[in-house]
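Q: The following block contains a protein sequence and its predicted model.
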Amino acid sequence: MRLTISIALALLPLAAWAANLPEFDIKALCSGVGQTEDSSSKLAAEECVDNEKLAYDELRRRADTLPEVSVQSCVKSVSEGRAGSYLALLGCIAQSDKVAGEAAADNQQPLRPGVATKATVAATPAPSVAGSAAANPPAATSPGAAAAESPNPTTTPNPFHFNRDLGLHSVDPDVKLLQIFLNTHGFPVAADGPGSPGHEVEKFGESTKAALKKFQEAHAKDLGIADATGHFGPATRKYINGL
């Protein structure tokens, strides 16, 4: 059964304190979604609370494994000057972990002498032609050595997964998730107000379309599209789901 807004708002801060997670003002965040007294507005506010609670539960489940530097940086990013969002925090941490993982992979240290990384190649002087053969005899390769030299890095599950198309005037919880994705990946929907980081909404408006179009233009080759339309269709959905 769906929690009422009052119950959900009462439970979240207490649980957040127990898990040492930041205490975001969910009431202030979700009250901006339901600004009128009609039933659809109240439903949107309840869905906002539910989405935040799901994100909070995931953060609490992973609390002991979240990198402290990423958490501190992302808490500031999603809450400075605005009501914080657990959903936005989850997306920000996932993106930070991905960037950190890619950087670590690029600078992976060799597991045996003679195997150089990008960092060691730049720092190692080239040997003379005459001395190179004697100083570096061919190393014997044992079966399975290649596999041991390339361990699989730990990856963070992609929190952004979409199952439906979205377009201008769509009203759906996935629109809010899409806005969070765009805001945390360098394509802000808005600088402030509805759609801005921490103030994502469930309505697909012109600002969402414009931000999505810029994302499509930047990734047109990966998406396999000729023209960016600002419509969230199969090609864009498949690409984001696969990140």
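A: Noted; the coordinates are in hand. Residues are numbered from 1 along each chain as shown.

Q: all contacts plus neighbour counts: C-alpha atoms, from now on.
A: Fine.

Q: what mean pLDDT does stretch 222-233 have?
A: Mean pLDDT, stretch 222-233: 94.

Q: ok, and what's touching it?
A: Outside stretch 222-233, the residues within contact range by C-alpha atoms under 8 Å, 6 or more residues apart in numbering are 164-168, 208-214, 216-217, 220, 235-236, 239.

Q: of those, buried ones?
A: 166-167, 208-214, 216-217, 220, 236 (16 or more other C-alpha atoms under 10 Å).

Q: Is it possible to get JSON lines of those residues that adds secondary structure?
A: Below are the buried ones among the contacts of stretch 222-233 laid out as JSON lines (DSSP: H, G, I helix; E, B strand; the rest coil):
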{"residue": "Leu166", "secondary structure": "strand"}
{"residue": "Gly167", "secondary structure": "coil"}
{"residue": "Thr208", "secondary structure": "helix"}
{"residue": "Lys209", "secondary structure": "helix"}
{"residue": "Ala210", "secondary structure": "helix"}
{"residue": "Ala211", "secondary structure": "helix"}
{"residue": "Leu212", "secondary structure": "helix"}
{"residue": "Lys213", "secondary structure": "helix"}
{"residue": "Lys214", "secondary structure": "helix"}
{"residue": "Gln216", "secondary structure": "helix"}
{"residue": "Glu217", "secondary structure": "helix"}
{"residue": "Ala220", "secondary structure": "helix"}
{"residue": "Thr236", "secondary structure": "helix"}
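
Q: Nearest to Asn51 among those residues?
A: Leu166 (18.1 Å; C-alpha to C-alpha).

Q: How about that closest one: which residues does it bridge to?
A: Phe232 (DSSP bridges).

Q: Touching, it and Leu177? I think so.
A: No - the criterion here is C-alpha atoms under 8 Å, and Leu166 misses it with Leu177 at 11.3 Å.

Q: pLDDT weak spots in the protein?
A: 1-20, 32-44, 98-156 (pLDDT under 70).

Q: Can you pull the domain assignment for it?
A: Following automatic domain parsing, one finds the domains of the chain at 1-109, 160-243.

Q: and those domains, which is most packed in?
A: Counting by mean count of other C-alpha atoms under 10 Å, domain 160-243 has the highest mean neighbour count of the domains of the chain, with a mean of 18.

Q: Can you give me the end-to-end span of that one?
A: 8 Å (C-alpha to C-alpha, to the nearest Å).

Q: Now Phe160: closest residue in space, sequence neighbours ignored.
A: With sequence-adjacent residues excluded and distances taken as C-alpha to C-alpha, 6 or more residues apart in numbering, Phe160 is closest to Asn241, at 6.3 Å.
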